[in-house]
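J.: model this:
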Amino acid sequence: MSSTRSADWETIVVGSGMGGLTAAAALASTGRRVLVLERHQKAGGLTQTFERDGFCFNVGMHCLGGFGPGQPNQRLVETLARGRLKMAQVDGAHDRVSFPRLSIAFDASTSRFGSALSKAFPEEKVGIGRYVDALNLGQATLDTLLMARCASPLMSSARTWLGNRSIERWVQRTTRQVVDECVSSAQARAVLCARWGDYGSPPGESSFALHAAITRRCMDGAWYPEGGPAVFARELGATIAAAGGEVRTGAEVAEFEVHKGHATGVRLLDGTTIASDCVVSDIGIRNTLRRVPSTEADYHWARDGYSLDPSVGSVVVYLGLEGDIAARGATPANEWIYDSWNVDDLWRDPELDERAPALFISFTSLRDPTHVPGPRQQHICELVAPVAWSVFAQWDRSNSERGMCAGTESAARSATYLAFKAMVERRLVAQFRGRFPELASCIRYVETSSPVSLASFTGAEHGAMYGLQTTPQRFLSQSLRPRTPIRGLYLAGQDVATPGVMGAAMGGMMAAASIEPGLLKLIRG
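T.: Residues are numbered from 1 along each chain as shown. Predicted coordinates for the structure are as follows:
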């Protein structure tokens, strides 16, 4: 066992997902020396990539909103990456929603968004206008609510910042409730709710304010990082290193050390202890609390956050394609495909149901202007099917069995698991072939990830890509804020902000600004 007991690291950040890297880079921009600890062998969380047979696949990023000139995400990344990270706007439609006998493409700009919906549902024109107005109000309410979480405990109550009316109308109601109030057609309602996969909870469960924030930002267009999503870890890591910091991989934290209610550092799984009186956790509130010694504090403050379940998981099939895929039907748009008008349905029994009720298809290589297909014209595609955790729960090990890890692929590699995953893969590839028959002959490589796989590599409970379920209760929770009652321990990432890559980045900025208040200007713009 070794020990590091010095003031070398002014801050330790646990987890190198987008939240952890953003927090570390922001703190590094103020001159702090920050150590980032990552359990996996590669930094980046769901922005990392992996290579197989000459194909470079994304783990979990397809496109991002809010990167237009002067927009918040653009300003944040420009500042933290010091201009080294470039974003390319997706040309034409960035999303296409398809149902039986109906397909609608969504382009950049609010006017075209409303126009596409009104053209498909002319009888709902007034209601669609109400819906667009609700998006604006819902987004503004959530933005203000998140800013309240950065305030001191005495000032952090949302009711200090907002009137009860705004919270009740937009945060406390579900997406389904608000959409049903705006439009009367069951088909129009389904179309408006169809892209709930962007935030991990079906419309009957998710807070409308979150739906509004995610939908509204995408209405201004979608962007993709030039060079692929791995550039986030590379460039934010460079900012951290320039200030004397380090991103250390293969370093799993077993415990947050706490003495008399104050964070004093961390202990790694190999027994190494590293001291710091400022620790930021980017591994989610539930994983954080499991690593805090219960003998040191009363954790009733976290009860409401800990009681929330993880959001929905997914099966992801990675396809390596060769040929002119654009000439055969592939486009840069995200494809949201439903077999029926029931958008809340999850794939609950793949053995019985041959087709996933909802399928997301993304040809991400068509979005990157720096992508060079090469002589083999190589491209990548991801198929994503939302799936109930119960489908894979039998292959997960309990926390007591697996120690501090939130999942392990090696432990789950039983013959029955591999056979089941192979069956799921065949069915999703067959579904893809049916949707894009001309691309069937282009498939050269196939690999599949289950929620158990994601839990293994990221530590996400139940393999939930978006952290906690995005219910109204999540956004009203008093424990999901960057400051904790343990002095010197801060929470970052999706749990304290919103789901997704830039939601996690916002959670990282909220933690960093709680430590260095001068950073608030990067959040407020």
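
J.: residues near E168, how many?
T.: 12 (other Cβ atoms under 10 Å). All C-beta atoms are positioned from the backbone trio N, CA, C, and that covers glycine.

J.: report the separation between it and F208.
T.: 11 Å (Cβ to Cβ, to the nearest Å).

J.: now do T215
T.: 10 Å.

J.: cool, and D344?
T.: 15 Å.

J.: compare these two (neighbour count), which wins?
T.: Counting neighbours by other Cβ under 10 Å for D344 and for F208 shows that F208 has the greater number, 28 against 16.

J.: residue contacts, P225?
T.: M61, L64, L85, K86, M87, A88, V231, F232, D368 (Cβ atoms under 8 Å, 6 or more residues apart in numbering).

J.: widest-spaced pair of those residues?
T.: The distance between the two most remote of the contacts of P225 (Cβ to Cβ) is 15.2 Å, for M61 and K86.

J.: and these two? Which one has more around it.
T.: M61 (25 against 16).

J.: nearest to L135, of the contacts of P225?
T.: L64 (17.9 Å).

J.: what's the closest non-adjacent residue to the closest one?
T.: W223 (5.3 Å; Cβ to Cβ, 6 or more residues apart in numbering).

J.: wait, the one you found sits on H62?
T.: No: if you go by Cβ atoms under 8 Å, W223 and H62 don't touch, sitting 10.9 Å apart.

J.: from A151, how far off is P451?
T.: 35 Å.

J.: so which of those two has more stuff around it?
T.: P451 (28 against 16).

J.: so what's the residue count around the residue nearest to the more buried one when sequence neighbours are not counted?
T.: Once flanking residues are discounted, P451 sits nearest to G463: 2.7 Å by Cβ to Cβ, 6+ apart. Neighbour count of G463, defined by other Cβ under 10 Å: 27.

J.: pretty sure G463 contacts A393?
T.: No: counting by Cβ under 8 Å, A393 is not a contact partner of G463; they are 10.2 Å apart.

J.: just checking, R176 touches S207?
T.: No: when contacts are counted by Cβ under 8 Å, R176 is not listed as touching S207 (10.9 Å).

J.: between those two, which has more neighbouring residues?
T.: Between R176 and S207, S207 has the larger neighbour count (other Cβ under 10 Å), namely 30 against 21.

J.: now do the phi/psi pair for the closest residue to P357 other than its chain neighbours.
T.: Spatial nearest neighbour of P357, chain neighbours left out: D345 (4.2 Å); criterion: Cβ to Cβ, 6+ apart. When read as degrees, to the nearest 10, the backbone of D345 gives phi -70, psi 140.

J.: numbering from 51 from now on, please.
T.: Sure thing, new numbering starts at 51, so read that last one as D395.

J.: measure D395 to V281 for me?
T.: Following Cβ to Cβ, the distance that separates D395 from V281 is 36 Å.

J.: who has more neighbours, these two?
T.: A count of neighbours by other Cβ under 10 Å puts V281 above the other of D395 and V281, at 20 against 16.

J.: can you give me the buried ones in whichever strand or helix holds the more buried one?
T.: For V281, the element it lies in under DSSP states H and E is helix 280-292. With burial defined by 16 or more other Cβ atoms under 10 Å, the residues of helix 280-292 counted as buried are A280, V281, F282, A283, R284, E285, L286, G287, A288, T289, I290.

J.: mind listing the strands the next helix or strand after that helix pairs with, and their directions?
T.: Counting by DSSP H and E, the next helix or strand C-terminal to helix 280-292 is strand 296-298. Strand 296-298 has the following sheet partners, assigned by DSSP bridges: strand 84-87 (parallel).

J.: pull the following helix or strand past the strand it pairs with out as PDB, backbone CA atoms only.
T.: From strand 84-87 onward toward the C-terminus, using DSSP H and E, the following helix or strand is strand 99-102. Written as PDB, here are the backbone C-alpha positions of strand 99-102 (Å, rounded to 0.1, in the frame of the first residue of the first chain):
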ATOM      1  CA  THR A  99     -14.200   5.900 -29.200                       C
ATOM      2  CA  PHE A 100     -12.900   2.400 -29.900                       C
ATOM      3  CA  GLU A 101     -11.400   0.800 -33.100                       C
ATOM      4  CA  ARG A 102     -12.300  -2.500 -34.700                       C
END
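
J.: what sits up against strand 99-102?
T.: Residues contacting strand 99-102 (Cβ under 8 Å, 6+ apart): C106, F107, N108, V109, G278, P279, A280, Y368, G370, Y495, E497.

J.: now the buried members of these.
T.: C106, F107, N108, V109, G278, P279, A280, Y368, G370, Y495, E497.

J.: just the ones of the residues you listed in helices?
T.: A280 (DSSP state H).

J.: which stretches of the stretch 51-200 of the chain form strands?
T.: 53-54, 61-64, 84-87, 99-102, 105-108, 137-139, 145-149, 152-156 (DSSP state E, counting those that start in this stretch).

J.: what would the ones you listed look like in CSV with distance to V303 and mean pLDDT?
T.: What follows is these, written out as CSV (distance: least, Cβ to Cβ, whole Å; pLDDT from 0 to 100):
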stretch, distance to V303, mean pLDDT
strand 53-54, 13, 52
strand 61-64, 5, 98
strand 84-87, 6, 98
strand 99-102, 23, 94
strand 105-108, 26, 94
strand 137-139, 32, 95
strand 145-149, 38, 95
strand 152-156, 41, 92
